[in-house]
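K.L.:
This is a predicted model, with the sequence first.
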Amino acid sequence: MKLVHPPRADHEVAVPAAERDPSPSRKLLWEAGILVLLVLALIFVAPTVLSGFRLNLLGRFLALSIVALGIDLIWGYTGMLSLGHGVFFALGGYALGMHLKLQLPEGQIPEFFSLYGVTELPWFWYPFYSFPFTAVAVVLIPALVAAALGYLVVRNRIRGVYFSILTQATTIIFFNFFNGQQRLINGTNGLTNFQTLFGLDVNSSEMRFAVYVTTVVAVVLAYLLCRWLTSGLFGRILVAIRDDEPRVRFSGYDPTGFKVLVFAVSAALAGIAGALFTLQTGIISPNAMAVPFSIEMVIWVAVGGRASLVGAVLGALLVNFAKSLLSENFPEIWLFFQGGLFLLVVLVLPDGLVGWVRTQGRQLWVTVQLWRRRLANTSPA
Amino acid sequence: MLTAAPTATRQILQTQDLTVSFDGFKALDRLNFSLEEGELRVVIGPNGAGKTTFLDVLTGKVKPTRGRVLFKGKDLTKLKEHEISILGVGRKFQTPRVYQNLSVRENLELSLNPNKRVFPTLFGKKHLREETDALLETIGLSHKDRVPAGLLSHGEKQWLEIGMVIAQDPDLLLLDECVAGMTDKETEATGELIQSLAQSHTILVIEHDMVFVRQIARKVTVLHQGSVLCEGTFEDVKNDPRVIEVYLGSHKAKN
């Protein structure tokens, strides 16, 4: 380091800087404590409070919150708005779905093939007999597809709305392809009617609970991964890319690698979410790749709060619970509600719920405290 | 690192017949320019003389239509922006471009990071505390290290961006109108900072503010219509009839 003024009285500068630090290790301890409490509540309290049906819903929505984390990583932090995460979600779902369909006695192939007169299992199904292969595929197939797509797009400096359009076009291509391939993957019907996993009935309550716990653990791991990626120098660069990508190049960074990596990680998270969701709903079909679902994912993050990981999880859970409550009671109004919600977020809560709490909410709290103090001071006098 | 003999100086930057044409308009027209190692050079010129385009070419933002840019013997015209930056060319933009949502400290850390590839950045050592503290001291922002850069005053942003460029430890510093919008006092302090930086860096300053040019200039290059009009000391250039005509002539035309 060549410096003009040699660091004068270096230790003198360092001490007050350290004092001003709001003790990051203590904050981290609080965060870890809250996280542990939440996990314990989800695993031990939720099953006793919620009905089996609600618990299953909670499990599904927790799976969806993993996609929301991935979307937040690329949109909230890095500024890449993907309207095509349904593809990665479905790829993960299909990978696990194929493994589930292959839980058959020796020599049999999944029943739907007979509809199309297919007697021989298509070649690409064979590796999915193996669970370890499937588990890796759930993560790696979406990640590799995203990395390849991301590299081609990002390297050519395509960003902003053009990136979004390309991701949306990708969903349409994948949707049409999967929809049309009856003889390979049952086309528009998708994969359903799953029976067993590891030799256990997937519909037994023990299995359901095990899947639920797995989902909770997966959400925590996904959260920690995103937390690690978005903190520290790497996370700062993501934010810098979001705010002023051309400037980042002049700071000596090539944004391509950073963007491709987070896009692939985010797709891998979507794949995991898709697999866990499929296991809990019992079906994966090309509908998961339809355009509306990918846009819904973006709405969850917008409602919860961009660039806040807690916001992404919260948004996914709240919007989906609202959706299930409303569509149970008034099936026809959900879409209007969703549209209204999106308008509300854009107009009133541009930074989502968490953003509101951070700014206006905090202000409100300070004002209330101020009034309370004032009242306390005036009343005795 | 470069170690030039004290007597014989070496050329660190050289352009040959550099031409940039935008739809037929020549922003740079066969520009031949050279800079010696350790030099502090000021480039002036009326609006539209091609000053900022010149920096755009040096940093890889604009590819020239013709000609070469040699930096430490390497042709920069084939390289991408980040490669040029890593090679040792640092640029301070005309309007301050700092990362608004990152704190002052984070802005500096991002620029200080010794290995800027993806995985070293992710897994590498993250606390560059001493270096950052020293830099904060240099640019006088120690007391604001946790403030988001977007909340700084204009002058402070300018200083932060100068700090970010210094953090990259470049061999050649390009400063584009770095005192624009500063108060007189800030301008003078910036002048002092640049002069002390000049002891260990080669610096190319592009400037409009003549008081500031007089404060820092050793050698001045005047650009006009994309090529060099004249070169010399501030006094020489000030009294050159061609320079007077270019500046006063354009003023007359405006009035």
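P.N.:
Here it is on my side, so go on.

K.L.:
which residues of the stretch 151-300 of chain A fall in helices?
P.N.:
Under the criterion DSSP state H, counting those that start in this stretch, the stretch 151-300 of chain A contains helices at A:161-180, A:182-185, A:205-230, A:232-250, A:255-281, A:291-304.

K.L.:
Just say which of the ones you listed is most tucked in.
P.N.:
For the helices of the stretch 151-300 of chain A, average neighbour numbers computed from mean count of other C-beta atoms under 10 Å in any protein chain shown are highest in helix A:255-281, which has a mean of 26. No exception for glycine: its C-beta is placed from N, CA and C like everyone else's.

K.L.:
what separates that helix from the chain centre, distance-wise?
P.N.:
Once both centres are worked out by C-alpha atoms, centre = their mean, to the nearest Å, helix A:255-281 turns out to sit 7 Å from its chain's centre.

K.L.:
Give me the contact status of that helix with chain B.
P.N.:
Yes - using C-beta under 8 Å from any C-beta of the partner chain, helix A:255-281 reaches chain B at A:Gly257, A:Phe258, A:Leu261.

K.L.:
Tabulate the residues you listed (TSV), appending pLDDT.
P.N.:
Formatted as TSV, the residues of helix A:255-281 next to chain B follow (pLDDT from 0 to 100):
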residue	pLDDT
A:Gly257	92
A:Phe258	95
A:Leu261	95
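
K.L.:
Show me which residues of the stretch 51-200 of chain A are close to chain B?
P.N.:
Counting by C-beta under 8 Å from any C-beta, no residue of the stretch 51-200 of chain A sits close to chain B.

K.L.:
doesn't B:Ile203 fall inside a strand?
P.N.:
Yes - per DSSP: H, G, I helix; E, B strand; the rest coil, B:Ile203 lies within a strand segment.

K.L.:
and it, what does it touch?
P.N.:
By C-beta atoms under 8 Å, 6 or more residues apart in numbering or on different chains, B:Ile203 lies in contact with B:Glu39, B:Leu40, B:Arg41, B:Leu172, B:Leu173, B:Leu175, B:Ile194, B:Leu197.

K.L.:
tell me, what residue is most central in chain A?
P.N.:
Nearest to the geometric centre of chain A sits A:Val67, at 2.0 Å (C-alpha atoms, centre = their mean).

K.L.:
tell me which parts of the stretch 201-350 of chain A are close to chain B?
P.N.:
A:229, A:232-234, A:236-237, A:239-240, A:243-244, A:246-247, A:249-254, A:257-258, A:261.

K.L.:
Swap in 7 Å and give it another go.
P.N.:
A:232-234, A:236-237, A:239-240, A:243-244, A:247, A:249-254, A:257-258, A:261 (C-beta under 7 Å from any C-beta of the partner chain).

K.L.:
Which of the helices of the stretch 151-300 of chain A sits closest to B:Leu102?
P.N.:
For those, the distance to B:Leu102 is smallest for helix A:232-250, at 5.6 Å, taking C-beta to C-beta.

K.L.:
Alpha carbons of the closest one, as PDB, please.
P.N.:
The C-alpha trace of helix A:232-250 is given here as PDB (Å, rounded to 0.1, in the frame of the first residue of the first chain):
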ATOM      1  CA  GLY A 232     -19.100  -9.800   4.100                       C
ATOM      2  CA  LEU A 233     -17.200  -8.600   1.000                       C
ATOM      3  CA  PHE A 234     -19.000 -10.900  -1.400                       C
ATOM      4  CA  GLY A 235     -22.400  -9.500  -0.300                       C
ATOM      5  CA  ARG A 236     -21.200  -5.900  -0.700                       C
ATOM      6  CA  ILE A 237     -20.100  -6.600  -4.200                       C
ATOM      7  CA  LEU A 238     -23.600  -8.000  -5.000                       C
ATOM      8  CA  VAL A 239     -25.100  -4.800  -3.700                       C
ATOM      9  CA  ALA A 240     -22.600  -2.800  -5.700                       C
ATOM     10  CA  ILE A 241     -23.500  -4.700  -8.800                       C
ATOM     11  CA  ARG A 242     -27.100  -4.000  -8.200                       C
ATOM     12  CA  ASP A 243     -26.600  -0.200  -7.700                       C
ATOM     13  CA  ASP A 244     -24.000   0.500 -10.300                       C
ATOM     14  CA  GLU A 245     -22.700  -2.400 -12.300                       C
ATOM     15  CA  PRO A 246     -20.500  -0.500 -14.800                       C
ATOM     16  CA  ARG A 247     -18.700   1.100 -11.900                       C
ATOM     17  CA  VAL A 248     -17.900  -2.300 -10.400                       C
ATOM     18  CA  ARG A 249     -15.800  -3.000 -13.500                       C
ATOM     19  CA  PHE A 250     -13.700   0.000 -12.900                       C
END
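
K.L.:
Residues contacting it, please?
P.N.:
Where contact means C-beta atoms under 7 Å, 6 or more residues apart in numbering or on different chains, the residues beyond helix A:232-250 that reach it are A:77-79, A:159, A:229-230, A:253, A:255, A:258-259, A:262, B:59, B:81-82, B:85, B:91, B:97, B:99-102, B:106, B:109-110, B:113, B:121-122, B:126.

K.L.:
Please repeat the previous calculation with a cut-off of 6 Å.
P.N.:
Under the criterion C-beta atoms under 6 Å, 6 or more residues apart in numbering or on different chains, residues A:77-79, A:255, A:258, B:81-82, B:85, B:91, B:97, B:99-102, B:106, B:110, B:113, B:121-122, B:126 lie in contact with helix A:232-250.

K.L.:
which element is B:Leu175 on?
P.N.:
strand B:172-176 (DSSP states H and E).

K.L.:
Kindly apply the preceding question to B:Arg30 instead.
P.N.:
Applying DSSP H and E, one finds B:Arg30 within strand B:25-36.

K.L.:
List, out of the contacts of B:Ile203, those positioned next to chain A.
P.N.:
Filtering these for neighbours of chain A using C-beta under 6 Å from any C-beta of the partner chain leaves B:Leu197.
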